[in-house]
Structures are given as structure tokens and as C-alpha cells.
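Enquirer: output the structure for:
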Amino acid sequence: MFIRQLNYLVALAQTRHFGRAAELCNVSQPTLSGAVRSIEEEFGLPIVRRGRRFEGFTPEGERVLEWARRVLADCEGLRQEASASRDGLAGSLRIGAIPTALPLVPLLTDACLRQHPGMRHEVYTMSAAQTLKQLLDLDLDVGLSYLDDERLRSFEKVALFREHYVLIVRDDALLAGRTAVTWQEAADLPLCLLTTNMQCRRGIDAAFSRAGVSAQPRVETDSVMALYAHVRCAGLCSIVPHSVLCLAEMRDELRAVPLTPALHREIGLVLLDRQPRSPLLDAAVALFGAVDLQSRVDALLRA
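Expert: Okay, here's the model as predicted:
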């Protein structure tokens, strides 16, 4: 019963609403509210700030919530451990990926799906900042993100590949026969770029700055597919990591040329530095790390 009450508390943190939290837990709102009050009574602490609606957690409540997440994560790991020895690995692995790395996720999950039929995956696209927050809140198991982020000092990192940035166009005439483009030349082209809140764009802007220029994109978007659509249909150019070329549509319809000087960034797995890991996460990290992503994405650029 206590584990169930902790689940109610975490659901309330996710939804920020008593009614929606009760729906998520498949119980009535009075049942959920009563469970939260019983935790407050047992610990002798005010956990939730109440008004006419949910107003957030008290400082004491935030600490209880942190422990609740840890307890539930450990219980899930214990459940996986017990079922693995009996039926093989089973359960859901929650993955958060930055938008530019999202096309590569199937290359990773395929390895797990083949070896562990009972393993399921929940894949979410989110910014690097959102990924780190959800890892800390134990709402994600693993992230796929840039490894040069200074916020990763307290996280475990597993390098997977090094991305190279390329200019993509549909109309070859815009390149005038060039097999490489400088950042100064790229700044003069009609560009569609990812939005400035995204780490990928910040790296691109820094490269323009080092070249002594700034880009004024015609269109900005936080969606790789919207970016591709503008290059394909609106006569614009873009700058993307070469790993994005694993989307067959991009590879078949667009031309990609390197930018000089080259811009490289490391991409890899980001995890909480916390032991023991759940059996599911342990198996996934080993299988993800065994996939030769570098060779696969580099072959796309050569093609």
C-alpha cells in the first residue's frame, strides 16, 4: 500500500493536478487525496500546498518526492531482477533524444528488440535541458545527447559517435559546383535553421561567430522534419549533423556538402551516475554501446 501511495505522489508531480493524477493512477480523486494526506500524517510533514487547487509541493514535500522517485525506481529494478531470472528481461526503457539524434534511435533499439523480445521502448524527443531534468527526476532511464555539455559533470556518459556538420540543399545551382562550403559562404545562402534554444543551433551559431559572420535564417524550427520540408519545398538550405542523413528522404532528394572549417561534436548516452542500474538499463547500455554508429553514419555522408 505504501508503494502505491508513493506512485500517487509522483503522478501528482507529473500532472500538477489532483484530478489528472487520479486518472493516471486509475483511482478516484478522493482516494488519491486521502493517500497523500496519510503520507503527511505518517511523516508529520506538510507535503502539498493546497488552495482551491493544487499549488505545488512544500520544501519538505520536494524532499519526500525525491525519495519517492528513488524508492519506486529501485522497486522497478528489483521487479526486473526477479522476472529476468524467471522469464528473461521484460519491461519498458524510457529514452529521451535530442531532435537531431532521433533518427538514429531505431539503430539502437533494434539491437535490444532482437535480443530481448520482452523489452519495450518509450522514445521521447526533447531538448538537452529537458533530458537532464527528466533523468534527475527519474522520469527517463537514458538520454541521447551532446557530451560536451558542461552540465553533464555529475552524469555518466557513454560516447557513441562523432557528428560532422554539413550544408544540405535541393537545388545544386545554389552550390555552383562546389564540393565544400565555408561558413562565410553559408551565411549568405537562404537558410532554414533549428531554433536558438537548441544545442545544435548554438553550436552552429558559434561556428559562424568564429568565422566572423552571423546567419540570418529565413525560417527557424524546432522540428527536423519541418526543416527538411522547407529545404525540399521552399528552396532553402540548411545546416545539420550528417547523422540526420539516415532519413531516406533526405538522402535521396538532397545534396549534402561539408562545411569548412569542420565542426564536430560528440553524441552519446547520458545516464544518472547511480548504482545499481536496473537489469533493463544495464542490458540496453551494453547493446547500444556495441552498435557501430560511427561507421553507419559516415557511410551516409560518403554515399
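Enquirer: show me what the longest helix belonging to the chain is packed up against.
Expert: Longest helix in the chain, counting residues (DSSP state H): helix 59-87. Contact partners of helix 59-87 among helices and strands, from 3 or more Cβ pairs under 8 Å, 6 or more residues apart in numbering; DSSP states H and E: helix 2-15, strand 91-97, helix 279-290. C-betas here are computed from N, CA, C, even on glycine.
Enquirer: isn't R49 right up against G56?
Expert: Yes: using Cβ atoms under 8 Å, R49 is in contact with G56, at 5.1 Å.
Enquirer: what count of nearby residues applies to Q14?
Expert: Using other Cβ atoms under 10 Å, Q14 has 12 neighbouring residues.
Enquirer: ok, it - contacts?
Expert: Residues near Q14 by Cβ atoms under 8 Å, 6 or more residues apart in numbering: 21, 24, 139.
Enquirer: may I see the buried residues of stretch 119-132?
Expert: 119, 121, 125-128, 130-132 (16 or more other Cβ atoms under 10 Å).
Enquirer: just the ones of the residues you listed in helices?
Expert: 128, 130-132.
Enquirer: need the max-distance pair from the buried residues of stretch 119-132.
Expert: M119 and S127 (26.0 Å; Cβ to Cβ).
Enquirer: how far away is G19 from L32?
Expert: G19 sits 9 Å away from L32, taking Cβ to Cβ, to the nearest Å as the criterion.
Enquirer: tell me where the chain has strands.
Expert: Along the chain, counting by DSSP state E, strands occupy 48-50, 54-57, 91-97, 119-125, 142-146, 155-169, 181-182, 192-194, 219-221, 238-241, 255-260, 264-272.
Enquirer: now the shortest one: how far from the chain's centre is it?
Expert: I take that to be strand 181-182. 30 Å (Cα atoms, centre = their mean, to the nearest Å).
Enquirer: what's in contact with it?
Expert: Strand 181-182 has contacts (Cβ under 8 Å, 6+ apart) with 167, 175, 211, 257-260.
Enquirer: report the two of these separated the most.
Expert: Longest span within these, Cβ to Cβ: L175 and A211, 18.0 Å.
Enquirer: can you report how many residues lie near L254?
Expert: Around L254 there are 22 residues (other Cβ under 10 Å).
Enquirer: actually H164, not the one I typed
Expert: Neighbour tally, H164, other Cβ under 10 Å: 18.
Enquirer: so it touches L300, yeah?
Expert: No: taking Cβ under 8 Å as the definition, H164 is not a contact partner of L300, at 10.5 Å.
Enquirer: where does pLDDT dip in this protein?
Expert: Residues of the chain that meet the criterion pLDDT under 70 lie in 1, 82, 84-87, 248-252, 302-303.
Enquirer: and V270, what does it touch?
Expert: 131-132, 135, 142-145, 147, 152, 155-157.
Enquirer: from D282, how far off is the closest residue to it other than its chain neighbours?
Expert: In space, and not counting its chain neighbours, V270 is closest to G143: 4.0 Å by Cβ to Cβ, 6 or more residues apart in numbering. Remark: distance between G143 and D282 (Cβ to Cβ) = 16 Å.
Enquirer: tell me who's in contact with E76.
Expert: Contacts for E76 (Cβ under 8 Å, 6+ apart) come out as 91, 278.
Enquirer: no wait, T100
Expert: Residues counted as contacts of T100 (Cβ under 8 Å, 6+ apart) are 163, 194, 200, 224, 240-241, 243-244.
Enquirer: give me the contact list for stretch 164-174.
Expert: 175, 181, 186, 189, 203-204, 207, 231-232, 235, 237-242, 245, 250, 253-259, 262-265, 301.
Enquirer: so how far is it from its chain's centroid?
Expert: With Cα atoms, centre = their mean, you get 27 Å for stretch 164-174.
Enquirer: endpoints of that stretch, how far apart?
Expert: 21 Å (Cα to Cα, to the nearest Å).
Enquirer: same thing with stretch 253-266?
Expert: Stretch 253-266 stretches 27 Å from its first residue to its last (Cα to Cα).
Enquirer: list the residues that contact L113.
Expert: Contacts of L113 (Cβ under 8 Å, 6+ apart): 119, 121.
Enquirer: typo on my end, Y124
Expert: Taking Cβ under 8 Å, 6+ apart, one finds 94-97, 140 in contact with Y124.
Enquirer: make it 6 Å
Expert: G96 (Cβ atoms under 6 Å, 6 or more residues apart in numbering).
Enquirer: again, but for the one 4 residues further on
Expert: A128 makes contacts with 98, 145, 149, 199, as judged by Cβ under 6 Å, 6+ apart.
Enquirer: and which of those residues is nearest to L6?
Expert: Each of those was checked against L6 using Cβ to Cβ; the closest is S145, at 28.6 Å.
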